[in-house]
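>>> 3D model of this:
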Amino acid sequence: MRILAIVLLATLGAAPGSSVSAQDPQPVDSKIQIQVDVNGRAIDDSTAARTKKKTDWIELRSRNFVVVGDANLDDIRLAASEAELFRDRFAQLFPRAKELSSVPTRIVVFRDKQSLKQFGPLDEAGASSDQPYFRQNSDINYLVLTSGNHLSHDIMRGLVREFVRDSINPVPLWFQEALGEYFTSFKIGRLGNDRVVKMGLDEYKQKLNEKQLMPLSFLFTVSPDDFDAMNPDTKKFFVSESCSLFEYLLQNRRITATLKMINDMADGKPVAQSFRNAFKLSLPIFEENFRRDIKVSKMKGWRVTFTGLSLDPNKRIILILWGRGTLKLPVNFDTIRAQMEILPVRLLTEAQTETYRGDLLFHSNRLDDAESHLRHAIELDGSLSAAYASLGAVKSEQQDYASAQDFIDKALRADPENYLSYYYDAALIRRQARESGVNASDDALKEMSAALTRSVKIAPEFVETTELLAETQRIMHGDLSASTKLLLTGLKRAPGRESLLMEMAKTAAEAGQKPTAGWILQRLILSVSADDRMKQEARDFLNQLNLTPEQRTEVGGITVGDSGNDAVQGFSVRLVSKDDRKRLAKIEKAQNPGKVVRGRITKVDCSKGMTIYIRIGTPGIDERIENLHSDTPERIDWVTDNGETIEFIACGETKIGGSAAITYTPKRKGLMMGEPMVVEMLRLPE
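Here you go, the predicted model:
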C-alpha cells in the first residue's frame, strides 16, 4: 500500500490579477442546532484569546454542528471545519445530506484527555475512558474530541450511519459496509493553513484475487445473520470485495443505478432482473468487467483521490510526497475553513457551561452526575430553559415522573420555543403509560398530540417528533390522512428510518388499507438491512392482517416525491409473491441465455437489419473478425460501461471503434456468431 507522507515542499504563486475569494457563510438555523439558551457574550478572536480562561467554555455554531468546549478557539474552529468538510464530501455523493440532520449533532472539544475523562461514558467496571467517541441518541448526537484530534474511524463510521439514514433508503449489508469503509478512508493532512484530503480504498484491492471473488448475486443478498455465520477470513474478504465494488461503481458513475437496483430487490424482484433493469447490462458482463478492473488495478495502481485546500487565494499548487515520488495537487480555495474562520463565537457563562456538561453526562448515561451539574446551572441562572429540559429528561430516566414533569413545565415557561421540551413532555407521558401497563387516557393523548404538534412546527427537521406524533394520532383514531402526510414528510427527511415504514404500515391498516400495509410489511421482511426485531414485528403484524394470497401481491401504499406535493399516491412498484419471483427468475434466465464476446468493433452494417463486425482473438495467433446480426436492431441495447444509454449508432467502417463486450444469442451461420442483445462500449484501461 502506498503511504501518504504529506510534506509541504513548494507552492507556486498565482498569475497576476488572479484571485479566489471566500464565499459568504451559509445561513445557520438555530432552532434545530442548539438546545442551550445562548445569552453569553459574542466575542471576536482577539478578545477570545485575551479573555478566555483555561476552564472557560466557548461556543461556535456552523451549518450542521454546534461546537463547544474548553479547548482554545483554533481547536474549536478546526473541529467544526473538519466535521463540515467530512459531511460535504458525503453530500457530494448523496445530496440529501446537505439538508439539516433529522437529529442534531453536538461536538464537544476538551482541552486535554483528562478533561474528557471527567465527562465520558463509563465502562462496566465504572471507569471513564479518555478516548474520543461518537454517541448516537434519539434527541441529540454527541461527538466528543480533545484538542488536535482527527476524526477517528469509529467516529466517521458513526457519522456515516447518520448521514445514510438521512440521505438514502435502507441499503443491504454490502453497501453499508462499503460506505462505512470508503468514507473512513477520509484522511486530512494538515499543513498550517493548507490541507490535503485523501480518499480511496487502495489497500482493499490488494487483498483481492479477481479469480476468487464471491459471485455478485451472492454478495448482494448477504444479510447480517449470514455475515455473522461466516468465518473471520470470509468476513474480511466480504468487506474487501464490497469496498472494492463500491469504489468501482463510484469511479464509473454507477451509484444511482446501484440504488435503483437495491430498491427493486427490496421490492422482491430477482437479483438478475433488478440488475438488468438498473444497469442495462446482464450481471455476468458487469461481473467480468469488475474482475478485469481489479486485475488492471493490480498492474497499474489503484485509484486514489487527493484534494488540495488552502486559505491562501494566491496559491496554485501543493506538492506532497506520495509513494516514492512527489505529486502536484491543484489548489482549491478552502471555502469551508474560511466560513468557520468568520463565524461568531460566544464565551459562555458558568451556568451555560454547566448545562452543556450536564446534558453530555445525561447522554453518557451518568444520571446522578448529570443531575448535579444541571441543578448547579439552575442555581446560577434560573432562566435557562435547556437546563430545566435536560433535568426533566434525567428525572424521567430515574422514574421520578412528578419531578420530571415539574422541570419540563418550567422549561416551557422559560422558553416556549424549545422544541425538545415539548418532545420530552410527550415522551414522558408515553413512558408513564407504558410502565403502568395501561393505555394512555384520551386526555393524555390529546396533551401528547398538542405538545408534539408544537414541536414539529418549531423544528420540522426533528423526525423523532414527527414519527411520535403520527403514532399518537393513529392511537387516537384521528385524521389518518394527516398521519400519513406526517410520515411522508419524515421519509423525505430521513428515508433510511425503517421505523417510519413500520408506522406507515400500522397507519394503513388502521385506515382499512390492508394490501398497502401488507406491501410495506413484506418490504421490511425482505429487507437485508432491517434488524431481526423489526423483521419479527413485521411478520407478526402481517399474520394478524390475515391477507389473502391475492391481497399479498396487490398494489398499494404511498410514494415519496420531491416536487413538494404531499398528496397520497399509489405505489408504482408491485411486491411479488414467491411464485411470482420463481416465474420472473425463469423469464430472466430465458431473456439472458447469451454468451459474451469481447473485442474491437470495426464496422456496423445497417443495410439489412444490423450486422456488427468485431475483431477478436490474440494478434498473430488466433485474431479474426466475426460478425453478429439482428433483423430487429431496435431491440439491441447500446450502453457505455458507466450505464449511459447510447442513443445514436453511426453505421459504416470504423465509425464506432473502441473495445466492446457484446452479449449475444448463439446462432452460428457461417461467420455469424449469433444475434446481439446488448453492446457495452468499454472505457476501461487496456
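>>> ranges for the helices of the stretch 51-200 of the chain?
Taking DSSP state H, counting those that start in this stretch to define them, one finds helices in the stretch 51-200 of the chain at 73-93, 113-119, 153-167, 173-183.
>>> quick one, domains of this protein?
Annotated domains of the chain cover 29-184+200-302, 497-592, 594-681 [automatic domain parsing].
>>> Dump those into TSV; add mean neighbour count as well.
The way it works is simple: take the backbone N, C-alpha and C, and place the C-beta from them, glycine included. Output for the domains of the chain, formatted as TSV (neighbours: other CB atoms under 10 Å):
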stretch	mean neighbour count
domain 29-184+200-302	18
domain 497-592	17
domain 594-681	16
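>>> closest to T453 out of the ones you listed?
Closest approach to T453 among the domains of the chain (CB to CB): domain 29-184+200-302, 15.5 Å.
>>> Touching, E435 and L428? I think so.
No - look at E435 against L428 with CB atoms under 8 Å: they stay out of range, at 10.8 Å.
>>> out of these two, which sits in the busier spot?
L428 (20 against 10; other CB atoms under 10 Å).
>>> so what's that one closest to, chain neighbours aside?
S396 (5.1 Å; CB to CB, 6 or more residues apart in numbering).
>>> so that neighbour is in which element?
helix 385-397 (DSSP states H and E).
>>> Give me the contact list for stretch 664-676.
593-597, 610-612, 625-630, 636, 662-663, 677 (CB atoms under 8 Å, 6 or more residues apart in numbering).
>>> Restricted to strands, list the residues you listed.
595-597, 610-612, 625-630, 662-663, 677 (DSSP state E).
>>> On the three-state scheme, K667 is what?
With DSSP: H, G, I helix; E, B strand; the rest coil as the basis, K667 sits in strand.
>>> so where's the stretch 401-550 of the chain uncertain?
528, 550 (pLDDT under 70).
>>> Mind doing that once more with 80?
526-531, 548-550 (pLDDT under 80).
>>> where do the strands sit along it?
For the stretch 401-550 of the chain, strands defined by DSSP state E, counting those that start in this stretch do not occur.
>>> all helices in it, in order from the N-terminus.
Under DSSP H, counting those that start in this stretch, the stretch 401-550 of the chain gives helices at 401-414, 419-436, 442-458, 463-475, 480-493, 498-510, 514-526, 532-545, 549-552.
>>> closest one to P330 among those?
Comparing the helices of the stretch 401-550 of the chain under CB to CB, the one sitting nearest is helix 480-493, at 36.2 Å.
>>> Identify all contacting residues around the closest one.
Counting by CB under 8 Å, 6+ apart, 99, 102, 166, 456, 460-461, 463, 466-467, 469-470, 473-474, 497, 500-501, 503-504, 507-508, 510-511, 558, 560, 562, 566, 568 sit against helix 480-493.
>>> Okay, buried residues for that helix please.
Using 16 or more other CB atoms under 10 Å as the test for burial, helix 480-493 gives 480, 483-493.
>>> now, which of the residues you listed sits nearest Q273?
For the buried residues of helix 480-493, the nearest to Q273 is L491 (25.4 Å; CB to CB).
>>> In contact with the spatially closest residue to M156 that is not a sequence neighbour, which residues?
Computed as CB to CB, 6+ apart, the closest residue to M156 that is not its neighbour in sequence is T184, at 4.6 Å. If you count contacts by CB under 8 Å, 6+ apart, T184 has them with 153, 156-157, 160.
>>> One more pass at 10 Å, please.
151-157, 159-160, 199, 201, 243 (CB atoms under 10 Å, 6 or more residues apart in numbering).
>>> Would you mind checking which of these the model is least sure about?
In terms of pLDDT, L201 ranks lowest among these, with 74.
>>> how much space between that one and C606?
According to CB to CB, to the nearest Å, L201 and C606 sit 43 Å apart.
>>> which is the next helix or strand following whichever strand or helix holds K298?
K298 is part of helix 283-300, with elements assigned from DSSP H and E. Where DSSP H and E defines the elements, the next helix or strand beyond helix 283-300 is strand 305-310.
>>> Which elements pack onto that following strand?
helix 73-93, strand 187-191, strand 194-199, helix 232-251, strand 315-322, strand 325-333, helix 335-342 (3 or more CB pairs under 10 Å, 6 or more residues apart in numbering; DSSP states H and E).
>>> quick revisit: of the buried residues of helix 480-493, which pair is most distant in space?
L480 and R493 (20.4 Å).
>>> Skipping adjacent residues, who's closest to A377 in space?
Leaving out its chain neighbours, the residue that sits closest to A377 by CB to CB, 6+ apart is E354, at 3.7 Å.
>>> Oops, could you answer that again for R165 instead?
G496 (3.8 Å).
>>> per-residue confidence for the residue nearest to A377?
Reported pLDDT for E354: 97.
>>> ok, now A585?
pLDDT at A585 comes out at 51.
>>> what's the answer for I107, then?
97.
>>> for it, which residues make a bridge with it?
V67, L143 (DSSP bridges).
>>> quick one: contacts for it?
Counted by CB under 10 Å, 6+ apart, I107 has contacts 60, 62, 64-69, 76, 79-80, 82-83, 134, 141-145.
>>> can you do 7 Å?
For I107, the contact set (CB atoms under 7 Å, 6 or more residues apart in numbering) comprises 65-67, 79-80, 83, 143, 145.
>>> I'd like to know how far the residue nearest in space to the middle of the chain sits from N137.
Centroid-nearest residue in the chain, with CA atoms, centre = their mean: V164, separated by 1.7 Å. V164 is 17 Å from N137, where distance means CB to CB.
>>> next one: P515
Taken as CB to CB, the span from P515 to N137 is 36 Å.
>>> Next: V103.
For V103 relative to N137 (CB to CB), the value is 7 Å.
>>> For S441, grab the count of nearby residues.
Using other CB under 10 Å, S441 has 11 neighbouring residues.
>>> and V679, what are its phi and psi?
phi -110, psi 110 (degrees, to the nearest 10).
>>> just to revisit the earlier point, pull the distance from the helix holding S396 to the chain's centre.
Centre-to-centre, helix 385-397 and its host chain are 31 Å apart (CA atoms, centre = their mean, to the nearest Å).
>>> returning to what we had before: wait, doesn't the residue nearest to A377 sit right on H373?
Yes - counting by CB atoms under 7 Å, E354 touches H373, with 4.9 Å between them.
>>> Distance to R254 added to the helices of the stretch 51-200 of the chain, as TSV?
Converted to TSV, these look like this (distance: least, CB to CB, whole Å):
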stretch	distance to R254
helix 73-93	12
helix 113-119	42
helix 153-167	17
helix 173-183	12
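>>> Looking at these, which is nearest to K54?
So among these, helix 113-119 is nearest, using CB to CB, at 9.8 Å.
>>> what does that closest one contact?
Outside helix 113-119, the residues touching it (CB under 7 Å, 6+ apart) are 70, 110, 128-130, 144, 146, 357, 360-361, 364.
>>> out of those residues, which are inside strands?
Filtering the contacts of helix 113-119 for strands - DSSP E - leaves 110, 144, 146.
>>> Can you verify my assumption that the second one contacts V108?
The one in question is V144. Yes - taking contacts as CB under 7 Å, V144 lies within contact range of V108: 4.9 Å.
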